[in-house]
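Colleague: What would the 3D arrangement of this be:
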Amino acid sequence: MEPLLLISPPKSPNPTSFPLFIPFTSSCFRQNPNFSKKTPLSFPARSLEKSSFWGHSLNFDRNKLVLDNGRKTHVPIYPVIRAVVKRRKEVPFGNVIQRDKKLVKNEQPKQKRIWRKWGIQYADKVFDETLKDEPRLWDDAIVVNVNLQNGSPQKALQLFRDMRHSFVKASNVTVAKALQACAKVKGVDLGKQIHGYVTRNAMLEDLTVGYSLITMYCKTEEINLARRVFDLMANRDIRTWNSMIFGYASIGSFDDAWNLFYEMESQSLKPDIVTWFGLLSGHFKHGLYQQVLVIFHDMLRANMKPNSFCITPLIQAVTEMKLVDLGKEIHCYVIRNGLDYNEYVGSTLLRMYVNTDLLVKSKTVFHLMQKPKNRKNIFVWNSLISGYSFKGLFGDALATMNQMKASGITPNVVSWTSLISGCSKHGNYKDSFMFFTQMLEEGVRPNKATYVSLLTSCGVLSLLQTGKEIHCSCLRNGFYEEEAVATGLINMYAKSGCLKCASDVFWRMRNKIAPTWTCMIWGYATYNHGKEAVNLFDQMLELGLEPNARTFAALLSGCKNSCLLDEGWKYFNMMKEDYCLVPTMEHYSCMVDLLGRAGYLDEAWNLIQTMPSLNLKPDGSIWGPLLSSCRTHNELELGKIAAAKLFELEPCNPVNYVMLMDLYSMSNRWADVDRLRDMAFDRRVKINAGGWSWIQIGGKVHHFLNEDGPPPPPYRHHPDLGEIYFELYQLISEMKRAGYVPDINCVYQNIDDSEKEKVLLSHPEKLAITYGLMKTRNSGSPIRVMKKTRMCSDCHRLAKFISLVRNREIIVKVGGRFHHFRQGNCSCNDCW
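Modeller: Have a look, this model is predicted:
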């Protein structure tokens, strides 16, 4: 007879590893009339060769397998024997097993410990290779898939379904575990089916089943169904009340939670520590930080001593409110009550000091956690690394990470993501990519927070190709469906000059949250598609999503860039009247810019005067657009007022000097132009009318500067500048034959017209576009140029002619706005 393989062998031939490769035959289990509990069970001599394990002979000693070296394994043998006996129909030995009921009964806890040690995959393998007619086998398989850390709730639910198809009756414990699995996977529909099974089999009287049903409905946000189950239960224990209170608090139904709390006290049930924790965590989750302090005070008055779980929401609430002194008092309370040895409390205290800019205190807390009872875990190390990174102290963060490695703890994804996020926050975008490379070299897999930070860096630097590579990495690692990652992709593509890619990601998303809609509205706004932004906003409202202040800022920006004056006033008033949102500086800046571009300078001035002086004092984001509009409409007197405010607020910003100089030159006031130039020189402000422009080709960034003196170190003029000018001269000649006429009116210098044309040739955006044409003659891909300052009207006109004559798409990013030139037209419709 062929041996029956109950358990497959491990990948490596390690005699002490599990599972075992045990060939069983029916001749191995002969009836022994002199059998007793002390009698070892051994293989017969003729089957000894087959009964070996990589050179070790096997025998049975009570309920353990024994190798020939005398070492006992930890494999519970009775469940294995029982399955073999039932397959082989060896009834006599089955009777022997039934005689040792106590030993068989004690197998279950041992079996669970073994499954925790060797992993869920071996437990599932054992289960798959045994008979399925015993309820306890099904119970154990479902329980370990729910309870173990590496278990699979989906597998547990599948086992429960197979169990019912096998006509095996589920116990109360099994049903409770199946409901817990539904809660973990948010499977409310499956939970309702199990609820029906509970009702048909009258299991609701069991407190564990009722508690599991309530918890399942609360975690799947079906709070009304949870309450119906709660009301139908004849008997309720403290767990049931706590689950219902916790469910109400987690969704913000605090009136219902407190009503249950008082009803619970009226029925002579004293709230325990779990009850108070549910209320504390629920209020903190919904931002009611002041109420967290009140609840904690009531908890102390009720003579309930808080544990580490209850103290952490209190510390987090104090951190959010920036109450440093109260936080120190809580820290003293923690020390007096011996809670400082808890790693979770210690890391929360450390984060409190980090977030309140007390890095010295946080470092002290960190070093105090070196005591033997309070060894630092990776969460504590990550808290300090995160604190240093988000404060821009990258040297200290790296030093802490090196100490972490020296202590024997390997940095995980949180450690590296803290560094990457900190670099992205403080503008060290290149360093964020460097840390990401080191992270991958050490074999650490990125998470969604890592990708969001990297996509932010790509968007700011407009690194489209790098962003596409990160997009591919997101797809490979399964983060594409994450809302935060998808929103980051939309933001990256929109800021990198590829609105179509951003739109594709947006419309392919299944679950779009409010920030995703806001990000896409911003994308349409930056590409001057104001009407599309308005339509998208209307769709957002139809879906029942509530806009916030950021959404209205994006919408007003779209109205501003497309000169939609009526729509701009409509949504500015809507946010105040319909949504009770107080306009911020960003909203007022959009409205001043919109009114100024439309020529309503008096209304823009009146709007500035009506800004609430207590909360909002006009800054550079208000006076800058007003000065730019005065230059556009040649309004010198109002422009001088705006410039005076800007010189007071931003004395070192060269753009302000250039705009006022342009205003003076438009009125031929050259003496005032020279006076402003001398003022800038005295203040050591470097004025460069053309500004910087750059283009990325072949993974390399090429910078261009207006040829007005040598560029500042470490930059230098482009090495191919001669070839670029030769190509540009030919391009200008070709454009003139197509009808192009240089706009010399945008040269505000006291020189003749021929010299003004030469000045126009040196504008850096012209040089960048020409270089892009030279290096991408055969590709046909869009030319993407970045520029911080405003394009002049001549460069704007030339780009339209190039897109028409050379049949190329040109995308120029000017600050936070894009000009998309195609077939002789620009996406701004000349409203810029």
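Colleague: how much space between the nearest residue to Val592 once chain neighbours are set aside and Met666?
Modeller: Closest residue to Val592 apart from its sequence neighbours, by CB to CB, 6 or more residues apart in numbering: Ala604 at 4.8 Å. Any C-beta I mention is one placed from the backbone N, CA and C, and that applies to glycine too. For Ala604, the distance to Met666 (CB to CB, to the nearest Å) stands at 19 Å.
Colleague: Same check on Arg677?
Modeller: Counting by CB to CB, the gap from Arg677 to Met666 is 16 Å.
Colleague: related to what we said a few turns ago, comparing Ala604 and Met666, which residue is more hemmed in?
Modeller: Ala604 (25 against 15; other CB atoms under 10 Å).
Colleague: So, low pLDDT: which residues of this protein?
Modeller: The chain contains residues with pLDDT under 70 at 1-152, 164-166, 369-376, 614, 688-691, 706-716, 832.
Colleague: And what about Gly392, helix, strand or coil?
Modeller: Here Gly392 is coil, with the state taken from DSSP: H, G, I helix; E, B strand; the rest coil.
Colleague: For this protein, which helix extends over the most residues?
Modeller: Counting residues, the longest helix found in the chain (DSSP state H) is helix 721-737.
Colleague: coming back round to it: for the host helix or strand of the residue nearest to Val592, buried residues please.
Modeller: Using DSSP states H and E, Ala604 sits in helix 601-609. Counting neighbours by 16 or more other CB atoms under 10 Å, one finds that the buried residues in helix 601-609 are 601, 603-605, 607-608.
Colleague: Next, format the residues you listed as a markdown table and append distance to Arg445.
Modeller: Listed next are the buried residues of helix 601-609 as a markdown table, based on distance: CB to CB, whole Å:
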| residue | distance to Arg445 |
| --- | --- |
| Leu601 | 56 |
| Glu603 | 55 |
| Ala604 | 52 |
| Trp605 | 56 |
| Leu607 | 51 |
| Ile608 | 51 |
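Colleague: quick one: which of those is nearest Lys270?
Modeller: In terms of CB to CB, no member of the buried residues of helix 601-609 lies closer to Lys270 than Leu607, at 60.0 Å.
Colleague: Contact partners for that closest one?
Modeller: 588, 591-592, 595 (CB atoms under 8 Å, 6 or more residues apart in numbering).
Colleague: For those, which entry has the maximal number of neighbours?
Modeller: Of all the contacts of Leu607, the highest neighbour tally under other CB under 10 Å goes to Val592, namely 27 neighbours.
Colleague: My read is that that residue contacts Asp602, right?
Modeller: No. Using CB atoms under 8 Å, Val592 makes no contact with Asp602, being 11.9 Å away.
Colleague: residues contacting the residue nearest to Val592?
Modeller: The contact partners of Ala604, by CB under 8 Å, 6+ apart, come to 591-592, 595-596, 626, 629.
Colleague: all helices in the stretch 251-400 of the chain, in order from the N-terminus.
Modeller: 254-266, 273-285, 289-301, 308-321, 324-336, 343-355, 359-368, 378-390, 394-406 (DSSP state H, counting those that start in this stretch).
Colleague: Looking at the ones you listed, which is nearest to Gln180?
Modeller: For Gln180, the closest of the helices of the stretch 251-400 of the chain is helix 273-285, at 16.6 Å, according to CB to CB.
Colleague: Dump the C-alpha coordinates for that closest one into PDB.
Modeller: C-alpha atoms of helix 273-285 as PDB (Å, rounded to 0.1, in the frame of the first residue of the first chain):
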ATOM      1  CA  ILE A 273     -11.700  51.300  31.600                       C
ATOM      2  CA  VAL A 274     -12.800  50.100  28.100                       C
ATOM      3  CA  THR A 275     -15.900  52.300  28.300                       C
ATOM      4  CA  TRP A 276     -13.900  55.400  29.100                       C
ATOM      5  CA  PHE A 277     -11.400  54.600  26.400                       C
ATOM      6  CA  GLY A 278     -14.100  54.400  23.800                       C
ATOM      7  CA  LEU A 279     -15.400  57.800  24.700                       C
ATOM      8  CA  LEU A 280     -11.900  59.300  24.800                       C
ATOM      9  CA  SER A 281     -10.800  57.900  21.500                       C
ATOM     10  CA  GLY A 282     -14.100  58.800  19.800                       C
ATOM     11  CA  HIS A 283     -13.900  62.400  20.800                       C
ATOM     12  CA  PHE A 284     -10.200  62.700  19.800                       C
ATOM     13  CA  LYS A 285     -10.900  61.100  16.500                       C
END
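Colleague: the inter-axis angle of that helix versus helix 289-301?
Modeller: Relative orientation of helix 273-285 and helix 289-301, computed by axes from the mean of the first three to the mean of the last three CA atoms, to 10 degrees: 160 degrees.
Colleague: circling back to that earlier point, nearest to Trp694 among the buried residues of helix 601-609?
Modeller: Among the buried residues of helix 601-609, Ala604 lies closest to Trp694 (CB to CB), at 32.7 Å.
Colleague: gap between that closest one and Asp682?
Modeller: The value you get for Ala604 to Asp682, if CB to CB is used, is 31 Å.
Colleague: same check, this time on Leu464
Modeller: In terms of CB to CB, Leu464 sits 42 Å off from Asp682.
Colleague: if you count what's nearby, which of these two comes out ahead?
Modeller: With neighbours defined as other CB under 10 Å, Leu464 and Asp682 compare such that Leu464 has more, 21 against 8.
Colleague: That one and Pro782 touch, don't they?
Modeller: No. In this structure Leu464 lies outside contact range of Pro782 using CB under 8 Å: 9.6 Å.
Colleague: and for the two, which residues touch both?
Modeller: With contacts taken as CB under 8 Å, 6+ apart, the residues that reach both Leu464 and Pro782 are Gly497.
Colleague: which residues sit in contact with the residue positioned nearest the centre of the chain?
Modeller: For the chain, Ala449 is the residue whose C-alpha lies nearest the centre (CA atoms, centre = their mean; 4.1 Å). Residues counted as contacts of Ala449 (CB under 8 Å, 6+ apart) are 417, 421, 484.
Colleague: what do you get if the cut-off is 7 Å, keeping everything else the same?
Modeller: Contacts here follow CB atoms under 7 Å, 6 or more residues apart in numbering; on that basis Ala449 touches 417, 421.
Colleague: and what of Arg227?
Modeller: By CB under 7 Å, 6+ apart, the contact list for Arg227 reads Met244.
Colleague: 6 Å instead?
Modeller: Counting by CB atoms under 6 Å, 6 or more residues apart in numbering, Arg227 touches no other residue.
Colleague: could you give the angle of the helix or strand where it lies to helix 254-266?
Modeller: Per DSSP H and E, Arg227 falls inside helix 223-232. On the basis of the same axes, to 10 degrees, helix 223-232 is oriented at 10 degrees to helix 254-266.
Colleague: Tell me the buried residues in the helix or strand following helix 223-232?
Modeller: As assigned by DSSP H and E, the chain's next helix or strand after helix 223-232 is helix 238-250. Going by neighbour count (16+ other CB under 10 Å), the buried part of helix 238-250 is 239-250.
Colleague: now these in TSV, with distance to Ile378?
Modeller: Listed next are these as TSV, based on distance: CB to CB, whole Å:
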residue	distance to Ile378
Arg239	32
Thr240	36
Trp241	36
Asn242	31
Ser243	31
Met244	35
Ile245	33
Phe246	28
Gly247	32
Tyr248	34
Ala249	30
Ser250	28
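Colleague: so which of those comes closest to Asn491?
Modeller: Asn491 lies nearest to Ser250 out of the buried residues of helix 238-250, by CB to CB, at 30.1 Å.
Colleague: residues near the residue nearest to that closest one when sequence neighbours are not counted, how many?
Modeller: The shortest distance from Ser250 to any residue other than its chain neighbours is 5.3 Å, reached at Gly282 (CB to CB, 6+ apart). For Gly282, the neighbour count with other CB under 10 Å is 25.
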